[in-house]
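> Quick one, structure for this:
(one chain, ligands or ions: 1)
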Amino acid sequence: MSEVRARFAPSPTGSLHIGGARTALFNWLFARHNGGKFILRVDDTDLERSTEESMKGILDGLRWLGIDWDEGPIYQSQRIEEYRKFANKLLEEGKAYYCFCTKEELEEMRKQAEREGRPPMYTGKCRNLTKEQIVEYLRQGRKPAIRLKVPQQGKTVVHDIIRGDVEFDNSTFDDFIIMKSDNMPTYNFATVVDDYQMGITHVIRAEEHLSNTPKQILIYEALGLGIPQFAHVSMVLAPDRSKLSKRHGATSVQEFRDQGYLPEAIVNYITLLGWMPKGGEEIFDVSKSIKEFTLERVSKNPAVYDVQKLTWINGHYIRNYDLDKLTEAVIPFLKAKNLIREDFDYDYIKKIVSAVREREKTLVDIADAMSYYFTEVNEYEEKGVKKYFTKEKVVDILRKAVVILKKVEPFNKFTTEESYRKLVEELQISSGELFHPTRLAISGRTFGPGLFDIMELLGKERTIERIEKAIDFIEKMKK
Ligand code: GLU
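Numbering: from 1, shown residues only. This is a model prediction of the structure:
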């Protein structure tokens, strides 16, 4: 078998969303699994809707996910001459023709079809213009489009690796446009010319393009070119099985990144939108996907997007990530929350990340969970206040805690724990009566890392100060 060449061909008219990232990933996995090439092409012939910003976002998103390409990006907008050449060839061979119909004429045709209850197809009006007519129109300065002469009989069959054979009646196609009157190719035509010239062996793309594929096959046939293999990956639906859109929350890779998801978690999750390892695991490394990925095992059924599952997977990656990598990833979020500045203490941050990560599911959560190490505690969780700060003996207990903590030296999680346990025994109270209000006093919260980890991370001075401040708070509250 010749070398596998797959491609991802985004249109830079928006962000890289979950569905697009999944298409890119499947192409990439397929290429990597087969030791082939993955090519990035940019479908930017829609000059009005294509933007630099979108292009940059898509490339950044792919890089961030670790989807690297061997060739490209190849921009369609720089290849207009090529499309023109192929269109000319079809014109010369009589397989395509100039169409001089104006917008108004086409509109009239559409209305007529509507009145007669026919589908709005081009009638073939310019199919048989004479040379003289063509010369005359051109002399008048009319700008023609170019249409493919589509066989009016027979069937076109798409052999789809995922879906099997899908048949289309040629009579359902009109002589569609391959080059527009502004000299730009249509999607179907540019795609065929590019896929051919780029030596693409497998076209893996979204199911929404399945209806374009027979048209592309007709173009391949007219050009006398070999046809690549096709695989149409099913839709990604929202949890309510409607089309996934903005109203379902974050759907772009950029948004997930801003919300503190890790690239490995997203890659893991989007792989599951249509595929899973043979063993059925839900958490797996991309190297496993590369090893096992085949198109035959991609599901025909729509994938249902589930942010809770993504978040669950993200939590798993957060717990198991290399601590330095995780710390690096958290730092921008701490900066964004103004919790740290440029002169931050990396090692200190790393220790806190290590203490809090067990319970958190995103980098944003981690940054939130770290806030009281960098800011004073000015508020206490309300339900904690009700539960722990209203206890009769609480001020007494906390006062005694301050007294013994002052004596603890060195001040670390072992020595503080030891002194706290002793105090519990001395006072004949339950450990909760001491531990819970202390936690609330020094972190403002009722849950988080182990109490003595927090104490060690805050240090002696801040721990004591915060307990004293809480005592004041409780006394004022009681008045
Ligand atoms: N630019 C098209 C899209 O983004 C590419 C479709 C294809 O892969 O042929 O949907």
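> residues from the stretch 1-150 of the chain in reach of the ligand?
Proximity of the stretch 1-150 of the chain to the ligand, by C-beta under 6 Å from any ligand atom, involves residues 9-11, 43. C-betas here are computed from N, CA, C, even on glycine.
> for the stretch 151-300 of the chain, that is, sorry about that
Taking C-beta under 6 Å from any ligand atom as the criterion, the neighbours of the ligand within the stretch 151-300 of the chain are 191, 205, 209.
> So which of those residues is the closest to residue 447?
Residue 447 lies nearest to residue 205 out of those, by C-beta to C-beta, at 46.1 Å.
> Quick check: the closest one vs residue 241, distance?
The spacing between residue 205 and residue 241, counted by C-beta to C-beta, to the nearest Å, is 22 Å.
> Of those two, which one has the most company?
The residue with more neighbours, out of residue 205 and residue 241 and counting by other C-beta atoms under 10 Å, is residue 205; that gives 21 against 10.
> ok, that one touching residue 234?
No. Assessed by C-beta atoms under 8 Å, residue 205 is found out of contact with residue 234, at 11.4 Å.
> So which bits of stretch 415-422 are buried?
Of the residues in stretch 415-422, those buried by neighbour count under the rule 16 or more other C-beta atoms under 10 Å are 415-417, 419-420.
> ok, and the closest non-adjacent residue to residue 261?
On the basis of C-beta to C-beta, 6 or more residues apart in numbering, the spatially nearest residue to residue 261 that is not a chain neighbour turns out to be residue 314, at 5.1 Å.
> and the one you found, that's in a strand?
No. When DSSP: H, G, I helix; E, B strand; the rest coil is applied, residue 314 is found to be helix, with no strand at that position.
> so it touches residue 361, yeah?
Yes. Taking contact to mean C-beta under 8 Å, the distance of 5.7 Å between residue 314 and residue 361 places them in contact.
> For those two, indicate the residue with more neighbours.
Set side by side, residue 314 and residue 361 show unequal neighbour counts under other C-beta under 10 Å, the larger going to residue 314 at 26 against 22.
> what does the model give the more buried one for pLDDT?
Residue-level confidence at residue 314 comes out at 98, pLDDT.
> got a list of what it touches?
260-262, 265-266, 361-362 (C-beta atoms under 8 Å, 6 or more residues apart in numbering).
> Out of these, which is nearest to the ligand?
The ligand has its nearest neighbour among those in residue 266, at 19.2 Å by C-beta to the nearest ligand atom.
> I figured that closest one hits residue 253, correct?
Yes. Checked against C-beta under 8 Å, the pair residue 266 and residue 253 is within contact range at 6.8 Å.
> shared neighbours of these two, anything?
Between them, residue 266 and residue 253 share these contacting residues under C-beta under 8 Å, 6+ apart: 21, 65.
> tell me, how many neighbours does the residue of the stretch 1-150 of the chain found nearest the ligand end up with?
Among residues of the stretch 1-150 of the chain, the one nearest the ligand by C-beta to the nearest ligand atom turns out to be residue 43. It sits 3.4 Å away. The burial metric for residue 43, expressed as a neighbour count using other C-beta under 10 Å, is 18.
> Specify the local secondary structure of the nearest residue to it once chain neighbours are set aside.
Counting by C-beta to C-beta, 6+ apart, residue 43 lies nearest to residue 11, which is 4.5 Å off, once chain neighbours are set aside. On the three-state scheme (three-state DSSP), residue 11 is labelled coil.
> what's around residue 11, how many residues?
For residue 11, the neighbour count with other C-beta under 10 Å is 18.
> Surely it and residue 47 touch.
No. Judged on C-beta under 8 Å, residue 11 makes no contact with residue 47 at a distance of 11.4 Å.
> Would you quantify the distance from the residue lying farthest from the centre of the chain to the ligand?
Relative to the centre of the chain, and counting by C-alpha atoms, centre = their mean, the farthest-placed residue is residue 426 at 56.4 Å. Remark: distance between residue 426 and the ligand (C-beta to the nearest ligand atom, to the nearest Å) = 71 Å.
> what's the helix or strand hosting that residue packed up against?
Take DSSP states H and E as the rule and residue 426 turns out to sit in helix 413-427. Helices and strands touching helix 413-427, by 3 or more C-beta pairs under 8 Å, 6 or more residues apart in numbering; DSSP states H and E, are helix 394-407, helix 431-443, helix 451-458.
> Distance to residue 63 and mean neighbour count for the ones you listed - can I get that in TSV?
Formatted as TSV, these follow (distance: least, C-beta to C-beta, whole Å; neighbours: other C-beta atoms under 10 Å):
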stretch	distance to residue 63	mean neighbour count
helix 394-407	49	16
helix 431-443	38	21
helix 451-458	35	22
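> okay if I get these as a markdown table plus mean pLDDT and distance to the ligand?
Conversion of those to a markdown table gives the following (pLDDT from 0 to 100; distance: least, C-beta to the nearest ligand atom, whole Å):
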| stretch | mean pLDDT | distance to the ligand |
| --- | --- | --- |
| helix 394-407 | 98 | 62 |
| helix 431-443 | 98 | 48 |
| helix 451-458 | 98 | 48 |
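> out of those helices, nearest to residue 342?
Using C-beta to C-beta as the criterion, the shortest distance between residue 342 and the helices and strands packed on helix 413-427 is 21.4 Å, found for helix 451-458.
> Need the contact partners of that closest one.
With C-beta under 8 Å, 6+ apart as the contact definition, helix 451-458 has outside contacts at 348, 351-352, 355, 373, 411-414, 416-417, 420, 435, 438-439, 442-443, 448-449, 463, 466.
> got the contact list for the helix or strand hosting residue 464?
Residue 464 belongs to helix 460-478 when assigned by DSSP H and E. By C-beta under 8 Å, 6+ apart, the list of residues contacting helix 460-478 from outside reads 377, 380, 385, 389-390, 394-395, 398-399, 401-402, 405-406, 408, 411, 416, 437-438, 440-442, 455, 458.
> Over to stretch 345-358?
With C-beta under 8 Å, 6+ apart as the contact definition, stretch 345-358 has outside contacts at 318-319, 321, 323-324, 326-327, 330-331, 334, 340, 366, 369-370, 373, 448-450, 453-454, 457.
> Apply 10 Å and report the result again.
The contact list for stretch 345-358, computed with C-beta atoms under 10 Å, 6 or more residues apart in numbering, reads 315, 318-321, 323-324, 326-331, 334, 339-340, 360, 363, 365-370, 372-374, 413, 448-450, 453-454, 456-458.
> Now that we have these, which of them are buried?
Buried members of the contacts of stretch 345-358, scored by 16+ other C-beta under 10 Å, are 315, 318, 321, 326-327, 329-331, 334, 339-340, 360, 363, 365-370, 372-374, 413, 448-449, 453-454, 456-458.
> ok, and the closest non-adjacent residue to the closest residue to the ligand within the stretch 151-300 of the chain?
Closest to the ligand within the stretch 151-300 of the chain is residue 205: 3.6 Å, counting by C-beta to the nearest ligand atom. What sits nearest to residue 205 in space, not counting adjacent residues and going by C-beta to C-beta, 6+ apart, is residue 23, at 5.9 Å.
> No more questions from me, cheers.
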